[in-house]
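>>> just to be clear, the model below is a prediction. Sequence and coordinates:
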There are 2 protein chains.
Amino acid sequence: MNSGKPTVFVVDDDASFLTAITRLLRAGNYSYQTFTSATEFLKTPPMDEPGCIIVDLHMPGPSGLELQDTLEKGGNPLPIIFLTGHGDIPTSVHALKQGAEDFLTKPVKRATLFAAIERALARDAREREQRSRRRELRARFGALTPREREVLSHVVRGQLNKQIAGDLDASERTIKAHRANIMAKLQVRSVAELVRLSQEAGING
Amino acid sequence: MNSGKPTVFVVDDDASFLTAITRLLRAGNYSYQTFTSATEFLKTPPMDEPGCIIVDLHMPGPSGLELQDTLEKGGNPLPIIFLTGHGDIPTSVHALKQGAEDFLTKPVKRATLFAAIERALARDAREREQRSRRRELRARFGALTPREREVLSHVVRGQLNKQIAGDLDASERTIKAHRANIMAKLQVRSVAELVRLSQEAGING
DNA sequence: CCGGCTATTGTCCTTTGGTGCAGTACGGGA
DNA sequence: TCCCGTACTGCACCAAAGGACAATAGCCGG
């Protein structure tokens, strides 16, 4: 498990700013890692490390917004806190709508930054939890055969075995067999649990 | 039903701005209504009218942000679009985090404004739909007696009648009776539907 | 070619769920 | 005081679900 202390990733091309902020982070007892460009940041390993990102808007190479886009498309993005000296309102609005955790302006007050970091880390933990749960469920559903999935979709709609049998043009006995397999593979013991699990996994509507 | 054309409510103390924007709205074929202060807006009937709000930040009396707060506490808020000439980043961030649909700056381009309005109206329709559905469900759940609710919570956890009977210290027959009542009152015919409905209504967790 | 997985179905039996019919008991409102 | 809703329960019956044991058939990879 990768459940160590979360890391604050700082991406900023301004060396003096990096110095200042790392001092702050050290004082706040945060683990951190710095990068001087989005490109440099993206080169690091796929990084499934918990944490958050503090990023400047304007940098040589990809901007902060572009970094956000890229990470988002990547799948499991870390929460992003923008921290910039030359932002404007449309940009901040865009960033937030894109899912940024916060958009702060330099100079930033220590308390403000720390509060934002805490929110970002909390959010990351929450989302990480959810993603992992979801992956786990997807895996279980992945073990189902196509036919079983078909049966499942009818079961969670509350249909009786005989109805399902009719719909799928099979005998009731067959449905019972599939049903038993489904329950076993998904590790549930009641229809109620089955429905809940399906909902959680985002299967069926 | 209050399903007529949605209304764009404009709250701004600047008369010349109101003139300009209403001209725009008319051109865009929107129904609208104007107010020169948050107070004036809040005096209007409870307003369960579909639509959205375009509001200035700084006005005599309550500011746009305060109006947002008030509406939010009120229960069924309309989506809010801030439109201001003198905003700053922290304010825009705050407004968006508070749930504003958008935060635009004057002067605003016609297309930008219309796009924002469309998003806001779409969102309102969606939320309105959801709220109404939820209210309907709550009403059904409201018809349940305390004891029935108790039984329900066990049922949706997938417990057997005999287990529920044990937990609630009653006979299995009694549980069956409650269960039948529940199914009737909630208008469902299967446990699957029951679980889905409970989830949707935000009951049990 | 064989073992394993999937899909299919059958019979038999047990456990659960659901319903009809009936009766007791309590508390509040007409 | 009487009626109604709520809660509770028993008996009997039927329907549905689920498990046990078993078998057939097609497909795929070793």
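Nice, thanks for sending it over. Numbering: from 1, shown residues only, chains lettered A, B, ... in the order given.

>>> next, count neighbours for A:Gly4.
10 (other Cβ atoms under 10 Å in any protein chain shown). The C-beta positions use only the backbone N, C-alpha and C, and glycine is treated the same way.

>>> likewise for A:Thr39?
Around A:Thr39 there are 14 residues (other Cβ under 10 Å).

>>> now A:Ala184
11.

>>> other SSEs contacting the helix or strand harbouring it?
Applying DSSP states H and E as the criterion places A:Ala184 in helix A:172-185. The helices and strands touching helix A:172-185, judged by 3 or more Cβ pairs under 8 Å, 6 or more residues apart in numbering or on different chains; DSSP states H and E, are helix A:146-155, helix A:161-168.

>>> again, only using 10 Å
Helix A:172-185 is packed against helix A:110-142, helix A:146-155, helix A:161-168, helix A:191-201, with contacts defined by 3 or more Cβ pairs under 10 Å, 6 or more residues apart in numbering or on different chains; DSSP states H and E.

>>> identify the residues contacting stretch A:123-130?
A:2-3, A:6, A:48-53, A:76-79, A:101, A:200 (Cβ atoms under 10 Å, 6 or more residues apart in numbering or on different chains).

>>> that older thread, mean neighbour count and mean pLDDT added to the helices and strands packed on helix A:172-185, as a markdown table?
Listed next are the helices and strands packed on helix A:172-185 as a markdown table, based on neighbours: other Cβ atoms under 10 Å in any protein chain shown; pLDDT from 0 to 100:
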| stretch | mean neighbour count | mean pLDDT |
| --- | --- | --- |
| helix A:110-142 | 15 | 94 |
| helix A:146-155 | 18 | 96 |
| helix A:161-168 | 16 | 97 |
| helix A:191-201 | 19 | 94 |
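
>>> distance between stretch A:14-33 and the chain's centre?
25 Å (Cα atoms, centre = their mean, to the nearest Å).

>>> with stretch A:134-148 instead?
On the basis of Cα atoms, centre = their mean, stretch A:134-148 sits 20 Å off its chain's mean C-alpha point.

>>> now do the same end-to-end measure for it.
20 Å (Cα to Cα, to the nearest Å).

>>> and what of stretch A:90-107?
Per Cα to Cα, stretch A:90-107 runs 20 Å from first to last residue.

>>> ditto for stretch A:161-177
Terminal-residue distance, stretch A:161-177 (Cα to Cα): 10 Å.

>>> which positions in chain A make contact with DNA strand D?
A:160-162, A:173, A:176-177, A:179-180, A:183, A:191 (Cβ under 7 Å from any atom of the strand).

>>> same thing but at 10 Å, please
A:155, A:158-165, A:172-184, A:188-191, A:194 (Cβ under 10 Å from any atom of the strand).

>>> returning to what we had before: which of the contacts of stretch A:123-130 sit farthest apart?
A:Ile53 and A:Glu200 (28.2 Å; Cβ to Cβ).

>>> pop the domain breakdown of chain A in here.
Residue ranges for the domains of chain A, per automatic domain parsing: A:7-132, A:143-200.

>>> quick one: closest of those domains to B:Ile117.
domain A:7-132 (15.4 Å).

>>> what's around the closest residue to A:Leu42 other than its chain neighbours, how many residues?
Closest residue to A:Leu42 apart from its sequence neighbours, by Cβ to Cβ, 6 or more residues apart in numbering or on different chains: A:Thr70 at 6.5 Å. By the measure other Cβ under 10 Å, the count of residues near A:Thr70 is 14.

>>> show the model's pLDDT score for A:Thr70.
pLDDT recorded at A:Thr70 is 92.

>>> contacting residues around it?
A:38, A:41-42, A:62, A:77.

>>> just to be sure, it is in a strand?
No - applying DSSP: H, G, I helix; E, B strand; the rest coil, one finds A:Thr70 to be helix, outside a strand.

>>> what distance do you get for it to A:Gln98?
From A:Thr70 across to A:Gln98, the span is 12 Å (Cβ to Cβ, to the nearest Å).

>>> now do A:Leu197
Counting by Cβ to Cβ - A:Leu197 and A:Gln98 are separated by 31 Å.

>>> hey, C-alpha coordinates of the strand or helix carrying A:Ile54 in CSV?
A:Ile54 is located in strand A:51-55, with elements delineated by DSSP H and E. Only the C-alpha atoms of strand A:51-55 are listed here, as CSV (Å, rounded to 0.1, in the frame of the first residue of the first chain):
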residue,chain,number,x,y,z
GLY,A,51,-0.8,14.4,-2.2
CYS,A,52,-1.7,17.6,-4.0
ILE,A,53,-0.2,20.0,-6.5
ILE,A,54,0.6,23.7,-6.1
VAL,A,55,1.2,25.2,-9.4
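
>>> partners of it in the sheet?
Taking DSSP bridges as the criterion, strand A:51-55 sits next to strand A:7-11 (parallel), strand A:80-84 (parallel) in its sheet.

>>> ok, and the closest non-adjacent residue to the residue of chain A most remote from its centre?
Outermost residue of chain A with respect to the C-alpha centroid, by Cα atoms, centre = their mean, is A:Ser171; its distance is 42.4 Å. In this structure, A:Ser171 finds its nearest non-sequential neighbour in A:Ala165, 5.9 Å apart by Cβ to Cβ, 6+ apart.

>>> quick one, what contacts the one you found?
A:151, A:154, A:159, A:171-176.

>>> again, only using 8 Å
Applying Cβ atoms under 8 Å, 6 or more residues apart in numbering or on different chains to A:Ala165 gives the contacts A:171-172, A:174-175.

>>> A:Ser190 versus that one, what's the distance?
21 Å.

>>> how about A:Asp48?
34 Å.

>>> neighbour count winner among the two?
A:Ser190 (17 against 11).

>>> and the more buried one, how far from B:Glu127?
On the measure of Cβ to Cβ, A:Ser190 and B:Glu127 end up 33 Å apart.

>>> return the residues of chain A in contact with DNA strand C.
Counting by Cβ under 10 Å from any atom of the strand, chain A sits next to DNA strand C at A:143-151, A:158, A:165, A:168-178, A:180-182, A:185, A:190-192.

>>> do that again at 6 Å, thanks
By Cβ under 6 Å from any atom of the strand, the residues of chain A that approach DNA strand C are A:145-148, A:170-171, A:173-174, A:177.

>>> please consider this matter closed, and thank you.
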